[in-house]
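Student: Quick check, what structure comes out for this input:
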Amino acid sequence: MAVKLRLMRMGKKKQPVYRVVAADSRSPRDGRFIEILGTYEPRQEPTRIKVDNAKAVRWLREGAQPTETVARILAQSGAIEEWKTGVPRVADAEGEAAVAGATEAAAAS
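Tutor: A predicted model of the protein is given here:
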């Protein structure tokens, strides 16, 4: 079974809200899915992205292929970087995300 990480449209007419889901590539866009990974709200200012990076990284490690849009969303959330490097991102005091190793090195200084 080929698994894709893709968007599933929710919300009202002309007010889309998307779920980031892991789904079988043969299932329809808004049909059956395996697991919900997060949400994407493009109409909010600024755009709101909530993704469970641990779930996303687990699916990427198992071979799931993200669509182009989901790949961009996962890059913004830090899941792609965590998948490639193996080092999770954490938020610092200002709310900016940073690589855990860099944050710990800065705290030690």
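
Student: where exactly do the strands run in this structure?
Tutor: Here the chain has its strands, by DSSP state E, at 3-12, 15-24, 35-41, 48-51, 65-66, 89-91, 97-99.

Student: In a markdown table, list those along with mean neighbour count, mean pLDDT and distance to L74.
Tutor: All C-beta spots, glycine's among them, are computed from the backbone N, C-alpha and C. Shown next, in a markdown table, are the strands of the chain (neighbours: other CB atoms under 10 Å; pLDDT from 0 to 100; distance: least, CB to CB, whole Å):
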| stretch | mean neighbour count | mean pLDDT | distance to L74 |
| --- | --- | --- | --- |
| strand 3-12 | 17 | 92 | 7 |
| strand 15-24 | 18 | 93 | 8 |
| strand 35-41 | 19 | 92 | 9 |
| strand 48-51 | 15 | 92 | 7 |
| strand 65-66 | 18 | 92 | 6 |
| strand 89-91 | 14 | 63 | 12 |
| strand 97-99 | 15 | 45 | 13 |
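
Student: And the ones you listed: which comes nearest E81?
Tutor: Among the strands of the chain, the nearest to E81 by CB to CB is strand 89-91 (6.6 Å).

Student: circling back: among the strands of the chain, which comes closest to G78?
Tutor: Comparing those by CB to CB, strand 89-91 comes nearest, at 3.8 Å.

Student: can you redo the strands of the chain as CSV with distance to I73?
Tutor: Formatted as CSV, the strands of the chain follow (distance: least, CB to CB, whole Å):
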stretch, distance to I73
strand 3-12, 8
strand 15-24, 6
strand 35-41, 6
strand 48-51, 6
strand 65-66, 8
strand 89-91, 14
strand 97-99, 14
